[in-house]
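Trainee: Quick one: sequence plus predicted model below, questions after.
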2 protein chains.
Amino acid sequence: MAAKKTTARGEADRLSLICKAIRRAILERALLPGDRLPEDALGERFGASRTIARHALGQLAAEGLVDLRRNRMAIVAAPSFSDARDIFDLRIVLERQVVRHLAGKLSDRDVRQLQAIIAAEHDARHGADGTAIRLATEFHVALAEMTGKPILIRYVTEICYRAGLALSAFGRPHSSDCAVSEHLDLIEAIRSGPAERAADMMEAHLEAVASRALLQPSDARGRDLMNILAPYAAEPG
Amino acid sequence: MAAKKTTARGEADRLSLICKAIRRAILERALLPGDRLPEDALGERFGASRTIARHALGQLAAEGLVDLRRNRMAIVAAPSFSDARDIFDLRIVLERQVVRHLAGKLSDRDVRQLQAIIAAEHDARHGADGTAIRLATEFHVALAEMTGKPILIRYVTEICYRAGLALSAFGRPHSSDCAVSEHLDLIEAIRSGPAERAADMMEAHLEAVASRALLQPSDARGRDLMNILAPYAAEPG
DNA sequence: TCGCGCTAAAGTGCATGCACTTTGCAACTA
DNA sequence: TAGTTGCAAAGTGCATGCACTTTAGCGCGA
């Protein structure tokens, strides 16, 4: 009973495989907002049929990472500037909640796990841009997971990916440098500090990330035609 | 060009049609946690094939309303007691955020719309149980929509439906009576009050709803076998 | 009477096929 | 040359079919 059919091992079915791959590609900026995601190509790339690829795109659309218009090819979502701001506002209230749950309750094992991620961030800070961004996200997701609350974990994870996408739409290439020291401070505050102080620190950290990237709204690379043309639509000539 | 094919009018494609129907059925307790959702029956009921029904179930699973296990029939999700508690915790932080955005900014039109919903709640308070619950939820969703922030709206709507499901799993039949007066007070606080006071009032309201329903964990109708048996697993005999 | 295995019916997992829609390109026109 | 029209290639929307899995019922033995 080693292999039942062609499939055995730890194959977590191809649907979630495709979802994971696209999520990660978006997070690491291998896929950029507006990039096309044809069903056939996707399916072929992962050895599945269009049916599966289509289903995966549906899931990702539900998570806000993919834009799905009828009869048109799916594309990586291109959040507007105000979407980006709203995503970070939401991320702040969710991660404040994470920190509140964790304050004064981190086990030594937790701390070590977080420090390992930060160490990886440190190592990656001069490597590929995408790796640094992914690790920074992993830090926040790991924090959420330490609450042990599945629902909170799900929403924080989702909003973190959407935030990554938003930064990808508006952020300048080098925006995640000092994250390492901020993350270290954060651990210390959560480990020892009172809940509200730690939560405030998380908010300050996320606000800093957002404002480093989301300063000028008209930074997008020529996309968002509707917004650009809006002022011209009212007055003719 | 009246009707292009068999389909015209405002048909919002059958996928979202199925999703909406199931969401509403769950909210109104026509569908209860654990109820079976076979793909064929669903498709047939809505004049679609299994492909569409399956896709719809995927979406609903992503929203946490449906439980999808491989090779097994989909069922309405049966949140555990701690899931229910977490859902309400999350709902509180999200709706506090809604209220913060809205405090002191409700237009007369907004107030009238909210009052109309409350009036409907008042009328329905002795009718079908499901209608009252649906209207109470509509009140909260309408509030979220008044922020005009699509991302916030999406998450609040989703968590409201999940909360409805959680109440369905643990709540006693008559738990939404005094909601009317609480909702009226809430409007007044949001319209006139300072943001944090209004947010506190929203928290108190949701906490009241939760504690009215989520008092005793072992209320579930014989489900949640694992939890029930947990104390017996340790000591034999 | 109660458990236990076996089998048919019901259901899921997924690829494929066909009809329809969009799109890019190229020829045509002014 | 620039704009427009028409057409083929590419892509989506969806139903259906087939292989595999689960499940429920039934008969059999104890």
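Mentor: Looks like it came in fine.

Trainee: Residue nearest the middle of chain A, spatially speaking?
Mentor: A:Tyr161 (1.6 Å; Cα atoms, centre = their mean).

Trainee: surely it meets A:Glu28?
Mentor: No: judged on Cβ atoms under 8 Å, A:Tyr161 makes no contact with A:Glu28 at a distance of 11.1 Å. Heads up, the C-betas are built off the backbone N, CA and C, glycines and all.

Trainee: sorry, back to before: quick one: buried residues of the helix or strand hosting the residue nearest to the centre of chain A?
Mentor: Secondary structure assignment for A:Tyr161, by DSSP states H and E: helix A:150-170. Buried residues in helix A:150-170, counted by 16 or more other Cβ atoms under 10 Å in any protein chain shown: A:151-170.

Trainee: in the helix or strand just after it, what's buried?
Mentor: Using DSSP H and E, the next helix or strand after helix A:150-170 towards the C-terminus is helix A:179-192. Using 16+ other Cβ under 10 Å as the burial criterion, the residues of helix A:179-192 that qualify are A:179-180, A:182-183, A:186-187, A:189-191.

Trainee: got TSV for those residues, with pLDDT and distance to DNA strand C too?
Mentor: Formatted as TSV, the buried residues of helix A:179-192 follow (pLDDT from 0 to 100; distance: Cβ to the nearest atom of the strand, whole Å):
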residue	pLDDT	distance to DNA strand C
A:Ala179	78	38
A:Val180	87	40
A:Glu182	93	42
A:His183	95	38
A:Leu186	96	40
A:Ile187	96	40
A:Ala189	96	44
A:Ile190	97	40
A:Arg191	95	43
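
Trainee: doesn't A:His126 fall inside a helix?
Mentor: No: with DSSP: H, G, I helix; E, B strand; the rest coil as the criterion, A:His126 is located in coil rather than a helix.

Trainee: and the residue of chain A found nearest DNA strand C, what does it touch?
Mentor: Of all residues in chain A, A:Ser49 sits closest to DNA strand C, at 3.0 Å by Cβ to the nearest atom of the strand. By Cβ atoms under 8 Å, 6 or more residues apart in numbering or on different chains, the contact set of A:Ser49 is A:Gly43.

Trainee: Would you quantify the distance from it to A:Arg109?
Mentor: 43 Å (Cβ to Cβ, to the nearest Å).

Trainee: Then A:Leu167?
Mentor: A:Leu167 sits 30 Å away from A:Arg109, going by Cβ to Cβ.

Trainee: do the same with A:Ile87
Mentor: Counting by Cβ to Cβ - A:Ile87 and A:Arg109 are separated by 31 Å.

Trainee: Between those two, point out the one with more neighbours.
Mentor: Between A:Ile87 and A:Arg109, counted using other Cβ atoms under 10 Å in any protein chain shown, the more crowded position is A:Ile87 (26 against 9).

Trainee: residue ranges with poor pLDDT in chain A?
Mentor: Along chain A, segments meeting pLDDT under 70 span A:1-11, A:173-178, A:216-237.

Trainee: let's see 50
Mentor: A:1-10, A:218-237 (pLDDT under 50).

Trainee: which parts of it sit against chain B?
Mentor: For chain A, the contact set with chain B under Cβ under 8 Å from any Cβ of the partner chain comprises A:13, A:51, A:54-55, A:58-59, A:62-64, A:70, A:82-83, A:86-87, A:89-90, A:93-94, A:96-97, A:149-152, A:154-155, A:162.

Trainee: When you filter the residues you listed down to buried only, what's left?
Mentor: Looking at the residues of chain A next to chain B with 16+ other Cβ under 10 Å, the buried ones turn out to be A:54-55, A:58-59, A:62-64, A:83, A:86-87, A:89-90, A:93-94, A:96-97, A:149, A:151-152, A:154-155, A:162.

Trainee: any idea where the strands of chain A begin and end?
Mentor: All strands of chain A, identified by DSSP state E, fall at A:36-37, A:66-67, A:74-76.

Trainee: how about those in a markdown table, adding mean neighbour count and distance to DNA strand C?
Mentor: Shown next, in a markdown table, are the strands of chain A (neighbours: other Cβ atoms under 10 Å in any protein chain shown; distance: least, Cβ to the nearest atom of the strand, whole Å):
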| stretch | mean neighbour count | distance to DNA strand C |
| --- | --- | --- |
| strand A:36-37 | 15 | 9 |
| strand A:66-67 | 22 | 12 |
| strand A:74-76 | 21 | 10 |
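
Trainee: which stretches of chain A form helices?
Mentor: A:14-27, A:39-45, A:50-62, A:81-102, A:108-124, A:129-146, A:150-170, A:179-192, A:195-213, A:225-234 (DSSP state H).

Trainee: Show me the one of these that comes nearest B:Ile75.
Mentor: Nearest to B:Ile75 among the helices of chain A is helix A:150-170 (17.5 Å), distances taken as Cβ to Cβ.

Trainee: Just the CA atoms of the closest one, as CSV, please.
Mentor: Output in CSV follows, covering the C-alpha atoms of helix A:150-170 (Å, rounded to 0.1, in the frame of the first residue of the first chain):
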residue,chain,number,x,y,z
PRO,A,150,-8.1,29.8,13.8
ILE,A,151,-10.5,32.5,12.8
LEU,A,152,-8.2,35.3,13.8
ILE,A,153,-5.3,33.5,12.0
ARG,A,154,-7.3,33.3,8.8
TYR,A,155,-8.2,36.9,8.6
VAL,A,156,-4.8,38.2,9.6
THR,A,157,-3.1,36.0,7.1
GLU,A,158,-5.5,37.2,4.4
ILE,A,159,-5.1,40.8,5.2
CYS,A,160,-1.3,40.5,5.3
TYR,A,161,-1.3,39.1,1.8
ARG,A,162,-3.5,41.9,0.6
ALA,A,163,-1.3,44.4,2.3
GLY,A,164,1.7,42.9,0.4
LEU,A,165,-0.2,43.3,-2.8
ALA,A,166,-1.1,46.9,-1.9
LEU,A,167,2.6,47.6,-1.3
SER,A,168,3.4,46.0,-4.5
ALA,A,169,1.0,48.4,-6.3
PHE,A,170,2.3,51.6,-4.6
